[in-house]
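S.K.: A predicted structure for the sequence below; I have some questions about it.
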Amino acid sequence: MHHYLAPYIGAGHSGYYVDQPAADVLLAQLRALRDVPEESRDYKAIVAISDTLIAMPRIPPDPFRPRGSEQPGWAAIDLRPDCTVLAGRAVLGVPVRDDTIGTYLGEDLRAKSAAIKIAVASRFGLTLEADTIPDILAELLIGHARTDGTRWKPLRAGHDRLLKIFLGPGPPIWQQPVIAGGVQTSDSFDRGDGDSLGANWIEVAGDWDIVSNTARLVTTSVDARCRNTNAMATADHYAQVSVLSSSHAAVAAPQVSVREGNAASETAYLHYLITSGGASEASVLYKFVAAVGTQLQSTAFAWAAATEYLIRIEASGSSISRSIDGTPVGTPVTDTSIPSNVYTQMRAYGEAGYQQFNDFQAGDLVEGHPAIKRFGGVPFAALNRGVW
């Protein structure tokens, strides 16, 4: 999909449209008659179908669609303060690039771009911290939303206590738990190359460096671990990180874990992707208790080299679940082996230099109002936000 900051075009839509499902039925009947030999065709039936189509009530054009919505398969998020007037913009996705639509925001949702951040900030007269389309939308719908009618209304969490942003069908392009009174931490690793990850990390095993704004394992290891020093407030928390293996020529297993102990001995629940020279690829839910490992669940998952994936794991009571790029994998597993640890980690298994980690996040799963620290950390009432 190609993404734009698109204006609303009002009277630019011309013509009227028939009810599509009914028209499809009539057209199917016409196609069926086409296959009947000419001498056997019932022309009265054809005339009746045509008369029915002509007599169908017309649907007036929608004067409040964003520019570009003529394309089949379009999707948009409305960023107008008032959806009953034209003034404002939408973030629009369309299958075919057409730069007459508006400000082009790129094709790759996860690509970082200072130019996109500046363009969106300038259009709305705001200061933005995020630099990818999903994070920019989250910042707009959470940190910059208003309930007084001067801007779009804030995003609201669903019954699963997750804030989710959708742009068309499929999984959410962004999601995060609702936080209240808990802890949340994040690290984009956007800093100079260095021999350590920084003050918020302890290299428990293996050697980790920052290289080109990513965290990387630089020594071959069967158990490389780097623990985040920020303890969660509760044992019910999540951790997620974007991972990339530049090659599948050897074993690679990038991982993220929750309910880590604050000690060198391994105790944790972890989610990892695994490949063995490009074979036996899977998403695995695993646990270590005092360094004794047990596989909880494995699901086949074909993941490509040199492609980034957002892997996530969360522990809520005795339920342990995982997802990839926002889509749940397998089914939640019930396990009571690790009830109380409060640390999170990045982990890696395999050859040095192949595995890259980016955009780490961890936080408590506590019911309440959202407090997104990376966007200012200010709690606010959560209200509806329309998503097309």
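M.R.: Looks like it came in fine. Numbering: from 1, shown residues only.
S.K.: how about low-confidence regions in the stretch 151-300 of the chain?
M.R.: Applying pLDDT under 70 to the stretch 151-300 of the chain flags the ranges 159, 178-181, 221-222, 249, 264, 278.
S.K.: ok, which stretches of this structure are helices?
M.R.: Applying DSSP state H to the chain gives helices spanning 20-34, 43-55, 114-124, 133-138.
S.K.: Out of those helices, which gets the lowest mean score?
M.R.: Of all those, the minimum mean pLDDT falls on helix 43-55 (a mean of 64).
S.K.: My guess is Gly206 contacts Ala348. True?
M.R.: Yes. Counting by C-beta atoms under 8 Å, Gly206 does reach Ala348; the two are 6.9 Å apart. Yep, even glycine has a C-beta here, placed from its N, CA and C like the rest.
S.K.: between those two, which one's more packed in?
M.R.: Ala348 (31 against 19; other C-beta atoms under 10 Å).
S.K.: measure that one to Asp359 for me?
M.R.: Going from Ala348 to Asp359 by C-beta to C-beta, to the nearest Å gives 16 Å.
S.K.: same question, Ala121
M.R.: Note on Ala121: its distance to Asp359, by C-beta to C-beta, is 20 Å.
S.K.: swap in Thr147?
M.R.: Separation of Thr147 from Asp359 (C-beta to C-beta): 30 Å.
S.K.: neighbour-wise, which of the two wins?
M.R.: Each of Thr147 and Asp359 has its neighbours counted (other C-beta under 10 Å); Asp359 has more, 20 against 13.
S.K.: Would you map out the domains in this protein?
M.R.: As assigned by automatic domain parsing, the chain contains the domains 2-9+63-177, 17-59, 184-364.
S.K.: What's the local residue count around His2?
M.R.: Per other C-beta under 10 Å, the neighbour tally for His2 reads 18.
S.K.: ok, now Thr150?
M.R.: By other C-beta under 10 Å, the residues close to Thr150 number 8.
S.K.: and the closest residue to it other than its chain neighbours, what does it touch?
M.R.: In space, Thr150 comes closest to Pro81 once its chain neighbours are excluded; the distance is 6.0 Å by C-beta to C-beta, 6 or more residues apart in numbering. Contacts for Pro81 (C-beta atoms under 8 Å, 6 or more residues apart in numbering) come out as 87-88, 146, 149-152.
S.K.: Can you tell me which of those has the most neighbours?
M.R.: Counting neighbours by other C-beta under 10 Å, Trp152 leads the contacts of Pro81 with 25 neighbours.
S.K.: for that one, phi and psi?
M.R.: The phi and psi values for Trp152, taken as degrees, to the nearest 10, are phi -60, psi 160.
S.K.: how close does Leu79 get to Thr214?
M.R.: On the measure of C-beta to C-beta, Leu79 and Thr214 end up 31 Å apart.
S.K.: hmm, I was thinking of Ala145
M.R.: Taking C-beta to C-beta, one finds Ala145 at 31 Å from Thr214.
S.K.: again, but for Val256
M.R.: Val256 is 14 Å from Thr214, by C-beta to C-beta.
S.K.: what do you get for Glu39?
M.R.: Per C-beta to C-beta, Glu39 is found 72 Å from Thr214.
S.K.: dump the residue contacts of the residue lying closest to Leu137 once chain neighbours are set aside.
M.R.: Nearest non-adjacent residue to Leu137, counting by C-beta to C-beta, 6+ apart: Ile165, 5.3 Å away. Residues near Ile165 by C-beta under 8 Å, 6+ apart: 77, 134, 137-138, 141, 155, 172-175, 387.
S.K.: Show me the residues you listed that map onto strands.
M.R.: Using DSSP state E, the subset of the contacts of Ile165 located in strands is 77, 174-175.
S.K.: quick revisit: which of Leu79 and Thr214 has more residues huddled nearby?
M.R.: A side-by-side neighbour count of Leu79 and Thr214, using other C-beta under 10 Å, places Leu79 first with 24 against 20.
S.K.: wait, isn't the more buried one in contact with Ala90?
M.R.: Yes. Counting by C-beta under 8 Å, Leu79 touches Ala90, with 6.0 Å between them.
S.K.: Do you have the strands of the stretch 151-300 of the chain handy? List them.
M.R.: With DSSP state E, counting those that start in this stretch, the ranges of strands along the stretch 151-300 of the chain come out as 162-165, 174-177, 184-187, 201-205, 208-211, 214-217, 221-228, 237-245, 251-260, 268-276, 279-289, 292-300.
S.K.: Can I get these in a markdown table including distance to Ala114?
M.R.: As requested, the strands of the stretch 151-300 of the chain are exported to a markdown table (distance: least, C-beta to C-beta, whole Å):
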| stretch | distance to Ala114 |
| --- | --- |
| strand 162-165 | 21 |
| strand 174-177 | 19 |
| strand 184-187 | 19 |
| strand 201-205 | 26 |
| strand 208-211 | 19 |
| strand 214-217 | 17 |
| strand 221-228 | 27 |
| strand 237-245 | 19 |
| strand 251-260 | 27 |
| strand 268-276 | 30 |
| strand 279-289 | 33 |
| strand 292-300 | 37 |
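S.K.: Indicate which one of the ones you listed is closest to Gly363.
M.R.: Gly363 lies closest to strand 184-187 among the strands of the stretch 151-300 of the chain, at 3.6 Å (C-beta to C-beta).
S.K.: Could you tell me the end-to-end distance of stretch 330-338?
M.R.: Using C-alpha to C-alpha, to the nearest Å, the span of stretch 330-338 from its first residue to its last is 20 Å.
S.K.: Hmm, I typed the wrong one, I wanted stretch 131-150.
M.R.: Stretch 131-150 stretches 24 Å from its first residue to its last (C-alpha to C-alpha).
S.K.: can you start the count at 32 instead of 1 from here on
M.R.: Noted, 32 is the first residue going forward, which turns the last one into stretch 162-181.
S.K.: Any buried residues in it, and which?
M.R.: 162-176 (16 or more other C-beta atoms under 10 Å).
S.K.: for stretch 110-117, same thing?
M.R.: Result for stretch 110-117 [16+ other C-beta under 10 Å]: buried residues 110-111.
S.K.: Report the separation between the two terminal residues of it.
M.R.: End-to-end distance of stretch 110-117 (C-alpha to C-alpha): 11 Å.
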